[in-house]
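Participant: got a structure for you, letters missing:
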C-alpha cells in the first residue's frame, strides 16, 4: 500500500494518490490532471478510481479530464447528480483497490453529497480516512454554500450527525487526511498541519467537543466570512462539466506580439501580470493587475475578477504555462495568450509603461503624521479588527471592486496589507481604475507595527 498527499500551497488544497498491487486511486485531483498520470506511470500503476469527496467550490477538479484520459471511474457519494457519467456510491459501499478496500461514508453537512472515504489496509484494519471538507485539522467545513437551497443551520445540523455517527466512532489512531489546510476559505480557522488523527481531533478540534446539536450549530455558523463569488461558479462547473484542460492550455499558450497583445486588450481583455510585486512595481504595462506567482495568485485573481473574464498574461520568461495552469484551477477558461518576450518586449517596442511608488515604514509614519494622506488597509476584517493604524480606513481586498467607487480620485492614498503581497494587488487595481495617486507600503503592517511610532487601535481598545 502506498499513499501520497499532493499538497498545493497556493490553494491550500490536498489531493491524494493511493496505490495497491498496481491499481491506483486519486482523491480530489486538481484540474492539471497530468500530475496524477505521471505519478501512476512512474510507479507502473493503472488509475482505477477517481474519488470526489463533494462538489468543490474553491477549485475546478480534474476528475473529468483524468477519467477521459485514463478510463478511470469517477466516484461520488449518495444523492449526487451530474451531467457526466459517474458512479454514485451508496452509504457503506466498499470498493476494492488492489489488496486494500475503500469504504464510502456519507457525511452530509458541508454539502448534501459530501462523503468521506475510509481506507482499510491489506489486513482489513482501518488505516486512514479521507475527510474532504467535512473534517479539517482543528475545524470543520463551512455549511453556508447552498444559500437558497438549504440554510447553513440545516447543513450544520447534518454535519453534527455526520461527525458523531460516522467519524467520531473511528479509532483514535485512524489518520485524518483532509482536503484543505491553513489559508483555505472552506473553513473558519483551519490548523497549519495538513493531516492529523481522529484521536488528536477528538481532543483538540473545537467542533468535536462535547456539546448538543444546537450549540454545535451556533459554534460552526458564527463568524463565517462571506464566500468569494467564484465559489458558486466553480461548484457549478464541477457538477455540470467544463472545457478540457488541454484546450484551455492551448489557447492560453498562444504567444502574442506586442501589436497582437494590444489588439486583444483593446477588445476587452484584462491584463494579469504574474511577476512578483518587487519586480512589477519597477515597470508594467498600463492597466495591468499584479497577481504574483509567489502568493495566493489564483485565489485572489478569482476573488477580484469574474472567472469568465478574457485574460492576457505578462509573465517572467518560462513562467507562462504555470501562470495559465494555476488560473485554470479556479475556473478561468477564457485566456487569450501571453505577451511574447514579456515586459521587456513592451519596453523594447518603446511603449509607455507605468510604475508604482513604494515607501518604507519610516516614510509612511511621517506622511501619516504630517499630511492629509489617506491610509487604506486591505487586510481581512479579522486582521484589521485585531489591530490597525488609527487613521486607516478598512479597505478589504476582496471588496475592492465596490470600494474603489467610494474613493476620491484626486486624493493621495497609502496602501498596506500585512506584508506587501495583497497591497500590490490593490495598488495595481486602483491605478487601473482611475485612482492614480497611490503608494504601496513595503513590509506592510508588520513593519509599520514594528516601528511603533503611530497610534494603533483594535476593535475594542486604543493603544498609544
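Facilitator: Received it, and whenever you're ready, just let me know what you need. Everything numeric in this text was worked out from a predicted model, so none of it was measured.

Participant: for the stretch 201-350 of the chain, which segments count as strands?
Facilitator: With DSSP state E, counting those that start in this stretch as the criterion, the stretch 201-350 of the chain has strands at 255-256, 270-273, 289-290, 311-314, 335-339.

Participant: turn those strands into JSON lines, including distance to residue 428 and mean pLDDT.
Facilitator: Where you see a C-beta, it was placed from the backbone N, CA and C, and this is true even at glycine. Below are those laid out as JSON lines (distance: least, Cβ to Cβ, whole Å; pLDDT from 0 to 100):
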{"stretch": "strand 255-256", "distance to residue 428": "20", "mean pLDDT": "98"}
{"stretch": "strand 270-273", "distance to residue 428": "8", "mean pLDDT": "98"}
{"stretch": "strand 289-290", "distance to residue 428": "4", "mean pLDDT": "98"}
{"stretch": "strand 311-314", "distance to residue 428": "12", "mean pLDDT": "98"}
{"stretch": "strand 335-339", "distance to residue 428": "16", "mean pLDDT": "98"}
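
Participant: quick check: residue 198 touching residue 128?
Facilitator: No. Residue 198 lies out of contact with residue 128 (Cβ atoms under 8 Å); the separation is 9.6 Å.

Participant: shared neighbours of the two, which are they?
Facilitator: Residues touching both residue 198 and residue 128 by Cβ atoms under 8 Å, 6 or more residues apart in numbering: 174, 176.

Participant: got the strands of the stretch 201-350 of the chain as CSV, with distance to residue 398 and mean neighbour count columns?
Facilitator: Below are those laid out as CSV (distance: least, Cβ to Cβ, whole Å; neighbours: other Cβ atoms under 10 Å):
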stretch, distance to residue 398, mean neighbour count
strand 255-256, 30, 16
strand 270-273, 17, 23
strand 289-290, 14, 26
strand 311-314, 19, 25
strand 335-339, 23, 23
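
Participant: pretty sure residue 14 sits against residue 26.
Facilitator: No. Taking contacts as Cβ under 8 Å, residue 14 lies outside contact range of residue 26: 11.8 Å.

Participant: comparing those two, which residue is more hemmed in?
Facilitator: Shown here are residue 14 and residue 26; by other Cβ atoms under 10 Å, residue 26 has more neighbours (32 against 21).

Participant: which residues touch that one?
Facilitator: By Cβ under 8 Å, 6+ apart, the contact set of residue 26 is 15, 16, 17, 18, 36, 47, 49, 50, 51, 66, 72.

Participant: what bridges to it?
Facilitator: residue 17, residue 50 (DSSP bridges).

Participant: next one: it from residue 158, what distance?
Facilitator: Distance of residue 26 to residue 158, computed by Cβ to Cβ, to the nearest Å: 27 Å.

Participant: same question, residue 120
Facilitator: Residue 120 is 25 Å from residue 158, by Cβ to Cβ.

Participant: okay, these two: which has more neighbours?
Facilitator: residue 158 (19 against 15).

Participant: what helix or strand is the more buried one on?
Facilitator: helix 152-162 (DSSP states H and E).

Participant: buried set for that helix?
Facilitator: Buried residues in helix 152-162, counted by 16 or more other Cβ atoms under 10 Å: 152, 154, 155, 156, 157, 158, 159, 160, 162.

Participant: tell me how far it is from the chain's mean position?
Facilitator: 24 Å (Cα atoms, centre = their mean, to the nearest Å).

Participant: helices or strands up against it?
Facilitator: Secondary-structure packing of helix 152-162 (3 or more Cβ pairs under 8 Å, 6 or more residues apart in numbering; DSSP states H and E): helix 213-221.

Participant: could you give the angle of the helix it packs on to helix 152-162?
Facilitator: Angle, helix 213-221 to helix 152-162, by axes from the mean of the first three to the mean of the last three Cα atoms, to 10 degrees: 110 degrees.

Participant: who touches helix 213-221?
Facilitator: Contacts for helix 213-221 (Cβ under 8 Å, 6+ apart): 140, 142-144, 152-153, 156-157, 159-161, 188, 206-207, 211.

Participant: let's go with 7 Å and repeat that
Facilitator: Applying Cβ atoms under 7 Å, 6 or more residues apart in numbering, the contact partners of helix 213-221 are 140, 143, 152, 153, 156, 157, 159, 160, 206, 207.

Participant: kindly report the same for stretch 303-323.
Facilitator: Stretch 303-323 has contacts (Cβ under 7 Å, 6+ apart) with 228, 230, 233, 253, 256, 261, 264-265, 268-275, 285, 288, 293, 324, 327, 330-332, 334-339, 342-343, 398, 400-401, 429.

Participant: please indicate which of those are buried?
Facilitator: Buried members of the contacts of stretch 303-323, scored by 16+ other Cβ under 10 Å, are 228, 230, 233, 253, 256, 261, 264-265, 269-275, 285, 288, 293, 324, 327, 330-332, 334-339, 342-343, 398, 400, 429.

Participant: which residues touch the closest residue to residue 25 other than its chain neighbours?
Facilitator: Excluding the flanking residues, the one nearest residue 25 by Cβ to Cβ, 6 or more residues apart in numbering is residue 49, at 4.1 Å. Counting by Cβ under 7 Å, 6+ apart, residue 49 touches 25, 72, 73, 75, 95, 97.

Participant: shouldn't the first one be in contact with residue 51?
Facilitator: Yes. Between residue 25 and residue 51 a contact is recorded at 6.0 Å, counting by Cβ atoms under 7 Å.

Participant: could you measure from residue 275 over to residue 167?
Facilitator: From residue 275 to residue 167 the distance is 44 Å (Cβ to Cβ).

Participant: kindly report the same for residue 216.
Facilitator: From residue 216 over to residue 167 the distance is 14 Å, taken as Cβ to Cβ.

Participant: so what pLDDT did residue 364 get?
Facilitator: For residue 364, the pLDDT comes out at 97.

Participant: just the pLDDT for residue 188.
Facilitator: The model's pLDDT for residue 188 equals 88.

Participant: likewise the one 4 residues further on?
Facilitator: Residue 192 is assigned 94 on the pLDDT scale.

Participant: what about it, which helix or strand?
Facilitator: Residue 192 belongs to no helix or strand, assigned by DSSP H and E.

Participant: can you check residue 81 too?
Facilitator: Here residue 81 sits in a region with no helix or strand, counting by DSSP H and E.
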